[in-house]
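Enquirer: would you be able to build a 3D model of this:
(2 chains)
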Amino acid sequence: MKLIIATIKPFKLEEVREALTEAGVRGMMVTEIKGFGSQSGHTEIYRGAEYAVNFVPKVKLEIVVSSGMADLVVETISKTAKTGKIGDGKIFVLDVEQAVRVRTGETNEDAI
Amino acid sequence: MKLMKTIAPVAALMALPSLGLAQESVPGTDASTDSIFIFNTLLFLIGGFLVMWMAAGFAMLEAGLVRSKNVTMQLTKNIALFAIAGVMYYLIGYNLMYPLGNWSIGSDETGGYLGAFGAAILEAVGVTREAADDYGYASTGSDFYFQLMFCATTASIVSGTLAERIKLWPFLVFTVVLTGLIYPIQASWKWGGGFLDSQLGFLDFAGSTVVHSVGGWAALAGALILGPRLGKYKDGMVHPILGSNLPLATLGTFILWMGWFGFNGASQLAMGTVGDAADVSRIFANTNTAAAGGAIAALILTQLLYKKVDLTMVLNGALAGLVSITAEPLTPSLGAATLIGAVGGVLVVFAVPFLDKLKIDDVVGAIPVHLFAGIWGTLAVLLTNSDATFTGQLYSILIVGVFVFVVSGLVWLVLKAVMGIRVSEEEEVNGLDKAELGMEAYPEFAKG
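Expert: Modelled structure (predicted):
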């Protein structure tokens, strides 16, 4: 099993969710976050004075899938979340040791 | 009736034609004079509660432009200062401002400088024509109530500038002095028939100088002595501190805009004749268009200067338009009123960063709006009212400015020495809500 963590632009969330559901993903965790990467923030003006917005709002997706599906998920996210402009986000893939479905006690691939 | 005495010749001239036509029997005691008394009184009462509502506008504007950790304190200051103004104006302010010729220093003829001391007294319950203080004009209660609201407005201006770092009690002590002494004394010089009125021919219809710049000068003196908020000016840079609730700030601005119809409209001080009623309506229309001019000017200018519209500046722009038209809302045409307001809006957009350059931290922009636009509005009287003189306007601006700035500065310095006016660094970082009140405005929200 793999855990895929993706940060994307908030306005892309709905599009990415639809594409992932179509690709067969049956669950995901979504969090509103702030952060910075190579975009490293930008400046705004308030009452005539410039200030730096160091942390940019993003949406973080966490998805656990079987190892065989991971590549498809990564590809789907990078295709749908892409605008080609700076700040599109990043995707990380990690190994998952164990999974349990609380209601039934099913484990690992049966649980996801 | 206090005001009647000072504007008696003008009022009599305006009332005469209609009186002459309306009645032949007992001059001055008939249905027509009754209706003048009733309509004038009604104007004061309606105008008064509109101006009272401006206190809500200031409270919302300030609550929206401070950080959420200081909102409860800002609201507390706003309701406390309004209540203090009410009591101080009753105890000493009213008679200091309207001495009816009983000047403690000076006289009506040679120029009055310090009014009478004593609490305000109302007419008897169910007062008759004969027993009324000024049957030909309006009831004393309505005049007292109306004028009191202007005094409270002046105090509201100060709280916004000094927000987020001044201690509650020294601020309230200053409010006592401002509403009991500083405001009424300088207001008597113009509206009480004092020396600015009788000697300099100063014109200030509803108080661009008498109310707004006075609040602005007191705020400026306080801001200089109190110093900026922590972190606002660091390493030669300005670090903006964003307001917590722009819907509230916008609501506050709309409330102020509405209240201003009472502020300017009822400052016609009479509605018992066709001419007066029509003039009140002129003032309403001019007041509205000046606010519109100010808002549009700030809207366009912030887009041009910063490539994005700044809502807080547009709000300030509307208010600056209102302050600008306050010294003369009657004589301008709609076009002139719009332009006078627009200049106020432009002033604000440049004055806000200018104050930041000087490291004067004005949280809500009260100094640009009330002081800068107040001075502009007082000078703008010259554009449309030929009775105004340049020296009369300029000297009055300077005299009132020096008096209020110096006296306020002294009071702030004394308060600083005696009880301290600023919260500790830790309290400021934690927010005044927790430090001084132990309660939060939005206890279930994330910290701001």
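Enquirer: model confidence over the helix of greatest length in chain B, on average?
Expert: Counting by DSSP state H, the longest helix found in chain B is helix B:31-65. Mean pLDDT, computed over helix B:31-65, is 96.
Enquirer: which other helices and strands contact that helix?
Expert: helix B:2-22, helix B:71-88, helix B:140-161, helix B:246-265 (3 or more C-beta pairs under 8 Å, 6 or more residues apart in numbering or on different chains; DSSP states H and E). Where you see a C-beta, it was placed from the backbone N, CA and C, and this is true even at glycine.
Enquirer: which residues pair with the residue nearest to A:L13 when sequence neighbours are not counted across the strands?
Expert: The shortest distance from A:L13 to any non-neighbouring residue, by C-beta to C-beta, 6 or more residues apart in numbering or on different chains, is to A:V59 (5.0 Å). With beta bridges defined as DSSP bridges, A:V59 has these partners: A:I8, A:E32.
Enquirer: what residues does the stretch 251-400 of chain B have near chain A?
Expert: Contact residues, the stretch 251-400 of chain B versus chain A (C-beta under 8 Å from any C-beta of the partner chain): B:305-306, B:308, B:310, B:312-313, B:349, B:352-353, B:356, B:365.
Enquirer: that older thread, for the helices and strands packed on helix B:31-65, give me TSV that also has mean neighbour count and mean pLDDT.
Expert: Converted to TSV, the helices and strands packed on helix B:31-65 look like this (neighbours: other C-beta atoms under 10 Å in any protein chain shown; pLDDT from 0 to 100):
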stretch	mean neighbour count	mean pLDDT
helix B:2-22	16	45
helix B:71-88	22	98
helix B:140-161	25	97
helix B:246-265	22	98
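Enquirer: make a markdown table out of those and add distance to B:I105.
Expert: Formatted as a markdown table, those follow (distance: least, C-beta to C-beta, whole Å):
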| stretch | distance to B:I105 |
| --- | --- |
| helix B:2-22 | 17 |
| helix B:71-88 | 20 |
| helix B:140-161 | 21 |
| helix B:246-265 | 29 |
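Enquirer: which residue ranges of chain A form strands?
Expert: Using DSSP state E, the strands of chain A run over A:2-8, A:29-35, A:42-46, A:49-53, A:56-65, A:89-95.
Enquirer: dump these to TSV, plus mean neighbour count and mean pLDDT.
Expert: Shown next, in TSV, are the strands of chain A (neighbours: other C-beta under 10 Å; pLDDT from 0 to 100):
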stretch	mean neighbour count	mean pLDDT
strand A:2-8	20	97
strand A:29-35	12	94
strand A:42-46	14	88
strand A:49-53	14	87
strand A:56-65	20	95
strand A:89-95	14	96
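Enquirer: quick check: angle from the longest helix of chain B to helix B:140-161?
Expert: 20 degrees (axes from the mean of the first three to the mean of the last three C-alpha atoms, to 10 degrees).
Enquirer: buried set for helix B:31-65?
Expert: Buried residues in helix B:31-65, counted by 16 or more other C-beta atoms under 10 Å in any protein chain shown: B:32-33, B:36-37, B:39-48, B:50-52, B:54-65.
Enquirer: how far off helix B:71-88 does it point, in degrees?
Expert: Using the same axes, to 10 degrees: helix B:31-65 against helix B:71-88 is 150 degrees.
Enquirer: show me what from chain A comes close to chain B.
Expert: Chain A comes close to chain B at residues A:44-51, as judged by C-beta under 8 Å from any C-beta.
Enquirer: let's see 10 Å
Expert: Applying C-beta under 10 Å from any C-beta of the partner chain, we find that chain A lies next to chain B at A:44-52.
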